[in-house]
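Chemist: Following is a predicted model, sequence given first.
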Amino acid sequence: MSIEALDPPSKHTLRILVATDNHLGYLERDAIRGLDSFAAFEEVLYLAKKYKSDMVLLAGDLFHDNKPTRRTLHKTMEIIKRYTMGPDPVQIQILSENNFEHGDANYLQEFYSVDLPIFSIHGNHDDPTRDGNDLLASLDILSVSHLVNYFGRQEIVDKVEIAPILFKKGDTQVALYGMGSLRDERLNRMWQGKKVRFQRPSEGEWFNIFVLHQNRDLGRGSKNCVHETMIPEWMDLIVWGHEHECLIQPSESVVGTFRITQPGSSVATSLSAGESIRKHVGVLDVRHNQFRLTAVPLVQVRSFMMGEVSLNGQDLDPEDPKIDDQVTQFLENEVEVLIHEVKEKRQELLLDAKEQGNNYKEQTDLKYKLKNPDDILVRLRVEHSGFTTLNNQRFGARFVGRVANLSGILLFHRKKETSDITYARKKRAMQAIEKPIVPDDHKEMNIEDLVMENLDMSDKKLEMLDEAKLNIALEEFVSKEIKQALSEATKLMLRKHQKKLISGESKFNEDVEEMDWQSKSTQSVQEAEYDVKVEIPVKLGVISQTQRSTTKSISPCQQNNRQSGAMQKLQEDDKDVTRESSRKSHSQTKRRSMSRITSNADKDYEVDEIIELKNNGSEKNYTPKKRTKCSTMHLSCRRNNKDGKYDEIMEIISDRSDKVKKPFRRRKMKWSKCSPGMEGKTNKGGSDEKFGNSYGVDVDWDEANTNSEKLTL
């Protein structure tokens, strides 16, 4: 288009300079390309001032990073201040209210003199993020300082409501709709659910512009983009950000009622094929319900050329010992061709820009320009199937002073399989599926084996938890569906280690503290040598702390009465059991009933026990001597062997400090044999009275237990 098309606009024509994806701060620490983004952005504002634009419209991604550095912010604010502040009046009026994040438009502020307002939405690179309790974007810094008018931000997460900014210049009225970047899947879902709403002016004739920053429907899938059919048909022009390929000329939409312009990025960031297209900005003139968009090429953009080559089909032998040198020489020649083409392309760009009024030699007032503009960008895609790759750094060293991206000149890739090979592979796979598959012999594996293999027998032993107990708990959880088995087992084992760290007890006391954490009601012990199975019901009645405090006030007479009543009740219960046992064959079953009756007031306890032993219908009563200041009572019985030479003794040994209150514990009971000469004598804590054929048991009493249990041995 000729330069006459960009004459100053009339009083009824609203002129907008359109740009997007400036990516300020991209590669800011690069020695050659560090100023490329700032140079292009300054040229955008330079052209806006040159062509007498009423405003600048940016479609997102002003910054490359979500949290730009202070260096980037400083340069950006300095550029914007230099080109937007001035004494000239702004010719446009804003008819709507509450359009911006921080009050009114910046040129309406009383203490600011703005003659070129900038309106911008956020992109996916500079979108708002949570900072403490505030949701802030980098554009909020520019907005609160009245350098940029930030709009299009959505505060509600489950729906989108877009209200327009209503501009008026002369007889021309423009409604500007903006939507900042959102997650494509979420936005697509809300659009399908009809949760995206556009507010329209109730009166007047308006030219409607919609600016957004989302993926465009270019083969990305139905849910990862915004489809053109989702946009309302009454829109007139769509300014599409986020896509870096420059398609500045308006194209007709699929709907057919509006046009789409895609300005593209002002700096190459991905070195893809779309980035190699010449960069432009658009000068949009709107008058009433008609518009005209003029593309202006940018000259403060580093030239970029992309090529592609395949090593297959060339005069190269992969088996040659010097193949790396041959491939290097071949690729070097290809890059030289690209460099020559880029330089010719650069000259054509400068000529076209000069015809549009953007003379490169006239840009003397620009503070930020390309550093070494003759250092171009080159990317060569190399298909290397059957060949090895080359070192990019070493290869790029050949082009120092001529290429800006020395470490990214070559991009190696392999050729995809042809459709014939893919079809043959699929056919073989289908034939294999049709054949019946004989299952392998399944080796039965249970929970115990898995735990043993992965924890107990490997180098992954647990430090705090016991593998064996976890094994049992897991078995109960899986097989018996006891939901609390794992949690209870873990708590008990951790409690043991906590007490060990707090009290610092000896290893012997740790063993005593091991409890039957499975909480089973019965437990069977089989004696292998004599094939004897003994079941001993044990009634454990322990007075709780509350009950003990009540016992303090009971008189000795009342205590004796309670003891006598309890003794009589126990004797009656045991007689019934004895009658039932006498009807059976001769057995080794012994029943023993024990009941804890009283305790003294403090931590030191007196123990009164009543033990009744029954053997083949004969009853003998035995009352052990009273013990004070002891939390453990030892009672032993014994049974003579068949030949009468020695006894077997089964005992529980407990050595407990009565000053440490701990819950009732019982260890696994073991059989032991008496030495000759011990027949007819009690083992521990008993009198000298003899008890025929009986077994010896040491019982561990504890003050904390308040339950009655049945102990099966």
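Modeler: Alright, I've got the coordinates.

Chemist: Distance of residue 175 relative to residue 230?
Modeler: When C-beta to C-beta, to the nearest Å is the yardstick, residue 175 and residue 230 sit 19 Å from each other. (Each C-beta comes from the backbone N, C-alpha and C, glycine too.)

Chemist: okay, those two: which has more neighbours?
Modeler: A side-by-side neighbour count of residue 175 and residue 230, using other C-beta atoms under 10 Å, places residue 175 first with 23 against 14.

Chemist: which residue packs closest to the more buried one, ignoring adjacent ones?
Modeler: Across the structure, with C-beta to C-beta, 6 or more residues apart in numbering as the measure, the residue nearest residue 175 apart from its sequence neighbours is residue 164 (3.9 Å).

Chemist: hang on, the one you found packs against residue 199?
Modeler: Yes: at 6.6 Å, residue 164 and residue 199 qualify as touching, with contact defined as C-beta atoms under 8 Å.

Chemist: Same drill for the two, tell me which one is more crowded.
Modeler: A direct count of neighbours by other C-beta under 10 Å for residue 164 and residue 199 places residue 164 higher, at 22 against 12.

Chemist: what residues are up against that one?
Modeler: With contact taken as C-beta atoms under 8 Å, 6 or more residues apart in numbering, residue 164 is in contact with 96, 175-177, 198-201, 206, 208.

Chemist: cool, residue 379 as well?
Modeler: Residues in contact with residue 379 (C-beta under 8 Å, 6+ apart) are 271, 304-307, 405, 408-409, 411.

Chemist: From those, which shows the smallest pLDDT?
Modeler: The pLDDT minimum for the contacts of residue 379 sits at residue 271, where the score is 89.

Chemist: so how many other residues sit close to that one?
Modeler: Using other C-beta under 10 Å: residue 271 sits among 16 other residues.

Chemist: and if you look at residue 257?
Modeler: Every residue meeting other C-beta under 10 Å relative to residue 257 is counted, giving 13.

Chemist: thought it was touching residue 231?
Modeler: No: with contact defined as C-beta under 8 Å, residue 257 does not count as touching residue 231 (9.4 Å).

Chemist: following the host helix or strand of residue 281, which helix or strand comes up?
Modeler: According to DSSP states H and E, residue 281 maps onto strand 280-287. The helix or strand immediately downstream of strand 280-287 is strand 290-297, counting by DSSP H and E.

Chemist: Kindly provide the whole-number mean pLDDT of that following strand.
Modeler: For strand 290-297, mean pLDDT is 95.

Chemist: residues of that strand that come out buried?
Modeler: Residues of strand 290-297 classed as buried under the neighbour-count rule (16 or more other C-beta atoms under 10 Å) are 291, 293-297.

Chemist: and what of stretch 128-136?
Modeler: If you call a residue buried by 16+ other C-beta under 10 Å, then stretch 128-136 has these buried ones: residue 128.

Chemist: Stretch 266-273 too?
Modeler: 266-269, 271.

Chemist: now stretch 273-283
Modeler: Neighbour counts using 16+ other C-beta under 10 Å place 274-276, 278-283 of stretch 273-283 among the buried residues.

Chemist: Touching that stretch from outside, list them.
Modeler: By C-beta under 8 Å, 6+ apart, the list of residues contacting stretch 273-283 from outside reads 6, 15-19, 40, 44, 47, 51, 53, 243-246, 248, 261, 263-269, 293-298, 301, 304-306, 349.

Chemist: ChimeraX command to pick out the buried ones of those residues?
Modeler: To isolate the buried members of these in ChimeraX, using 16+ other C-beta under 10 Å:
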select :6,15,16,17,18,19,40,44,47,51,53,243,244,246,248,261,263,264,265,266,267,268,269,293,294,295,296,297,298,301,304,305,306,349
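
Chemist: So which of the contacts of stretch 273-283 sit within helices?
Modeler: Per DSSP state H, helices hold the following members of these: 40, 44, 47, 349.

Chemist: Now intersect the contacts of stretch 273-283 with the strands, please.
Modeler: Judged by DSSP state E, strands contain the following of the contacts of stretch 273-283: 15-19, 248, 261, 293-297, 304-306.

Chemist: hang on, the earlier thing: of the buried residues of strand 290-297, which is the nearest to residue 384?
Modeler: For these, the closest approach to residue 384 (C-beta to C-beta) belongs to residue 297, at 35.5 Å.

Chemist: So in terms of bridging, what pairs with that closest one?
Modeler: Taking DSSP bridges as the rule, residue 297 bridges to residue 280.

Chemist: Touching, it and residue 355? I think so.
Modeler: No: counting by C-beta under 8 Å, residue 355 is not a contact partner of residue 297; they are 9.5 Å apart.

Chemist: What segments of the stretch 351-500 of the chain are strands?
Modeler: Per DSSP state E, counting those that start in this stretch, the stretch 351-500 of the chain has strands spanning 377-383, 410-413. These are given in chain order.

Chemist: How about the last one, which residues are buried there?
Modeler: Applying a neighbour-count criterion of 16+ other C-beta under 10 Å, the buried positions in strand 410-413 are residue 410.

Chemist: Mind giving me the ChimeraX command for buried ones among the contacts of residue 164?
Modeler: Those of the contacts of residue 164 that meet the burial criterion (16+ other C-beta under 10 Å) are gathered into one ChimeraX selection, given here:
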select :175,176,177,198,206,208
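
Chemist: can you tell me which of the contacts of residue 164 are in strands?
Modeler: Reading strands off the contacts of residue 164 with DSSP E, I get 175-177, 198, 208.

Chemist: Looking at those residues, which is nearest residue 388?
Modeler: Within the ones in strands among the contacts of residue 164, the smallest distance to residue 388 is 53.7 Å, found for residue 177 (C-beta to C-beta).

Chemist: Check the residue nearest to residue 188 when sequence neighbours are not counted and give its pLDDT.
Modeler: Using C-beta to C-beta, 6+ apart and skipping the chain neighbours, the partner closest in space to residue 188 is residue 223 (5.0 Å). Per-residue confidence at residue 223 stands at 78 (pLDDT).

Chemist: can I get the CA coordinates of stretch 464-471 in PDB?
Modeler: Output in PDB follows, covering the C-alpha atoms of stretch 464-471 (Å, rounded to 0.1, in the frame of the first residue of the first chain):
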ATOM      1  CA  MET A 464      10.900 -47.500  62.800                       C
ATOM      2  CA  LEU A 465       8.400 -50.200  61.900                       C
ATOM      3  CA  ASP A 466       8.600 -53.900  62.400                       C
ATOM      4  CA  GLU A 467       8.300 -55.900  59.100                       C
ATOM      5  CA  ALA A 468       6.800 -58.900  60.800                       C
ATOM      6  CA  LYS A 469       4.100 -57.000  62.500                       C
ATOM      7  CA  LEU A 470       3.300 -55.100  59.400                       C
ATOM      8  CA  ASN A 471       3.000 -58.400  57.700                       C
END
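
Chemist: Now do it, average pLDDT.
Modeler: Mean per-residue pLDDT for stretch 464-471: 76.

Chemist: what comes up buried for that stretch?
Modeler: Within stretch 464-471, the residues that qualify as buried are 465-467, 469-471, counting by 16+ other C-beta under 10 Å.

Chemist: re earlier: can you list the strands of the stretch 351-500 of the chain in TSV and add distance to residue 500?
Modeler: As requested, the strands of the stretch 351-500 of the chain are arranged in TSV below (distance: least, C-beta to C-beta, whole Å):
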stretch	distance to residue 500
strand 377-383	65
strand 410-413	60
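
Chemist: any idea which of the contacts of residue 164 is closest to residue 342?
Modeler: Residue 342 has its nearest neighbour among the contacts of residue 164 in residue 176, at 38.0 Å by C-beta to C-beta.

Chemist: and the residue lying closest to the closest one once chain neighbours are set aside, what is it in contact with?
Modeler: Spatially, and ignoring its direct neighbours in sequence, residue 176 is nearest to residue 165 (4.5 Å; C-beta to C-beta, 6+ apart). By C-beta under 8 Å, 6+ apart, the residues touching residue 165 are 94, 96, 99, 119, 151, 175-176, 178.
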